[in-house]
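**Student:** one predicted model, sequence on top.
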Amino acid sequence: MTAPTLAIRDLTLGFRGWAGQVDVLHGISLHIMKGERVALVGESGSGKSVTARIVLGLLQQLKTARIGGLVAFEGQDLSTLSARQRHALRGTRMSMIFQDPTSSLNPVYRIGSQFHEVLKRAEPGISAADARRKAQAALADVAIPDPARALDSYSFQLSGGMNQRVMIAMALANEPSLLIADEPGTALDVTVQAQTLSLMRALVEKHHTSVLFISHNLGVVREFADRVYVIYKGRIVEHGRSADLFADPRHPYTRALLSAVPRITGGGIPEIDDVSESYFAPMVVHEGCGEPGEVG
Ligand SMILES: Nc1ncnc2c1ncn2[C@@H]1O[C@H](COP(=O)(O)OP(=O)(O)OP(=O)(O)O)[C@@H](O)[C@H]1O
C-alpha cells in the first residue's frame, strides 16, 4: 500500500505566552492520498491556517509554538527533518496558494523574474531562457492570454484574477505532490473566483496533485473537494466524502455551518451560536472514510 501524500495524526498545538499556554489544536488527524482534493472547513479561528503552517514546516521555527503528534509527508515524519530540509521541500514537493495574490507577489519585480526564482528552487542551475520558456508554458496552462506580456509585467499591472492565475501557475510550476490552497480567491469577486478554481481543479487533476483546500466557504468546498473534514475549535468534528457530508450532515456543528450558508431567497445570514455544548459532540466519520492503516 502506498503512503498517503499527507498524514496527520493527533496533532496538537499550543502557544506559550506570558499568561501560560493557549491550546489551539486538540489532536487532529487527517490524511490525503495521491491526487485527492481534501478540504478542511471551519469558521475563523478554528485552526485551519495553523494546520497548514505546520504542514509547511513554518510554525516549527516559532519559539512560542508547542507542537505534538505526527505529520508525515510522503511517508516521512517531518519532525525528523532539519529546518533546512523542510525549507527545501517548500516550493518544490509542496507549495501553497494564498488568499490574496497581491500580497504574495512582489510588486517591485516583474512576474518573469519571480517565476525564475520559483523554478530555481527545484532546478538551481536553470538558465533565464529555459525559465522563461517554462514560465510561458505554465502561464498558458492557466489560460493567460498573452503569457510573454504577463511575464514582462509587474503584479500591479494585472487584474486580481490574472494575478491569481499567476499564483496558481507558480505554485504548480515545479509539479509539487501537495498543494495547500488557503482560501484561494476569497479576495476576488465570485465569478472570477469560480473561474480560477475550476482552472486549478483541471490542473491538479491533470497532474494528480494532492490538495489540502482550506476554506470557510461551503459552496466552494462542495464543488472542489472529494473529501471534507469539518474543524471546530481545534477538533475535527465530522469527516466524510463531500457528497455524503453535504447530503447528510450529522454533527450539530456541521449542520449549523450549513444552515448559515446565505441563500438568495433567505433573510440574510443566520448567526452560528458559537458556544453550543452540542458542538462538542463526538466526531462523526462517514462510511468508507476511516484513516488508512499505514502512516509512513
Ligand atoms: N502565532 C500565533 N500566536 C498565538 N496565537 C496564534 C498564532 N497564530 C494563530 N494563533 C491562534 O490560533 C487560532 C487558530 O488560528 P488560525 O489562523 O489557524 O485560524 P483559521 O481557522 O485559519 O481562521 P481564518 O479563517 O480566520 O484564517 C486562533 O485563535 C489564533 O488567534
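**Tutor:** Okay, I see it.
**Student:** gap between the residue of the stretch 101-250 of the chain found nearest the ligand and Arg66?
**Tutor:** Nearest to the ligand, among the residues of the stretch 101-250 of the chain, is His216, at 5.4 Å (Cβ to the nearest ligand atom). For glycine as for every other residue, the C-beta is placed from the backbone atoms N, C-alpha and C. Distance, His216 to Arg66, by Cβ to Cβ, to the nearest Å: 26 Å.
**Student:** I'd say Ser155 and Val166 touch.
**Tutor:** Yes: Ser155 is within contact range of Val166, at 7.4 Å (criterion: Cβ atoms under 8 Å).
**Student:** higher neighbour count, the two?
**Tutor:** Neighbour totals were compared for Ser155 and Val166, and Val166 leads with 27 against 23 (other Cβ atoms under 10 Å).
**Student:** tell me the SS of the more buried one?
**Tutor:** Three-state call for Val166 (DSSP: H, G, I helix; E, B strand; the rest coil): helix.
**Student:** for the longest helix along the chain, buried residues please.
**Tutor:** When the chain is parsed with DSSP state H, its longest helix is helix 190-207. Using 16 or more other Cβ atoms under 10 Å as the test for burial, helix 190-207 gives Val192, Gln193, Gln195, Thr196, Leu197, Leu199, Met200, Arg201, Leu203, Val204.
**Student:** pLDDT and distance to Gly45 for those - can I get that in JSON lines?
**Tutor:** Output for these, formatted as JSON lines (pLDDT from 0 to 100; distance: Cβ to Cβ, whole Å):
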{"residue": "Val192", "pLDDT": "79", "distance to Gly45": "27"}
{"residue": "Gln193", "pLDDT": "78", "distance to Gly45": "22"}
{"residue": "Gln195", "pLDDT": "84", "distance to Gly45": "29"}
{"residue": "Thr196", "pLDDT": "84", "distance to Gly45": "26"}
{"residue": "Leu197", "pLDDT": "87", "distance to Gly45": "24"}
{"residue": "Leu199", "pLDDT": "89", "distance to Gly45": "30"}
{"residue": "Met200", "pLDDT": "91", "distance to Gly45": "26"}
{"residue": "Arg201", "pLDDT": "92", "distance to Gly45": "27"}
{"residue": "Leu203", "pLDDT": "92", "distance to Gly45": "31"}
{"residue": "Val204", "pLDDT": "94", "distance to Gly45": "28"}
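**Student:** buried residues, stretch 41-48. List them.
**Tutor:** Applying 16+ other Cβ under 10 Å to stretch 41-48 flags Val41, Gly42, Glu43, Ser46, Gly47, Lys48 as buried.
**Student:** now secondary structure too, for those residues, in TSV please.
**Tutor:** Shown next, in TSV, are the buried residues of stretch 41-48 (three-state DSSP):
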residue	secondary structure
Val41	strand
Gly42	coil
Glu43	coil
Ser46	coil
Gly47	coil
Lys48	helix
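**Student:** farthest-apart pair in the residues you listed, please.
**Tutor:** Val41 and Gly47 (11.6 Å; Cβ to Cβ).
**Student:** how about the strands in the stretch 51-200 of the chain?
**Tutor:** Secondary structure of the stretch 51-200 of the chain, counting by DSSP state E, counting those that start in this stretch: strands at 65-73, 76-77, 94-97, 178-182.
**Student:** Ala7 against Leu70, yeah?
**Tutor:** Yes: look at Ala7 against Leu70 with Cβ under 8 Å: they come within range, at 7.3 Å.
**Student:** neighbour count for the two, which is higher?
**Tutor:** Per other Cβ under 10 Å, whichever of Ala7 and Leu70 has more neighbours is Ala7, with 23 against 15.
**Student:** contacting residues around stretch 6-14?
**Tutor:** 21-32, 47, 50-51, 54-55, 59, 65-73, 178, 210, 212, 234, 291-292, 295-296 (Cβ atoms under 8 Å, 6 or more residues apart in numbering).
**Student:** list the buried residues in that stretch.
**Tutor:** Leu6, Ala7, Ile8, Arg9, Leu11, Leu13, Gly14.
**Student:** nearest to Arg250, of these?
**Tutor:** Of all the buried residues of stretch 6-14, Arg250 sits closest to Ile8, with 22.1 Å by Cβ to Cβ.
**Student:** confirm that closest one sits in a strand?
**Tutor:** Yes: Ile8 forms part of a strand when assessed by three-state DSSP.
**Student:** can you check the pLDDT for it?
**Tutor:** Ile8 carries a pLDDT score of 97 in this model.
**Student:** ok, what's across the strand from it?
**Tutor:** Leu30, Val71 (DSSP bridges).
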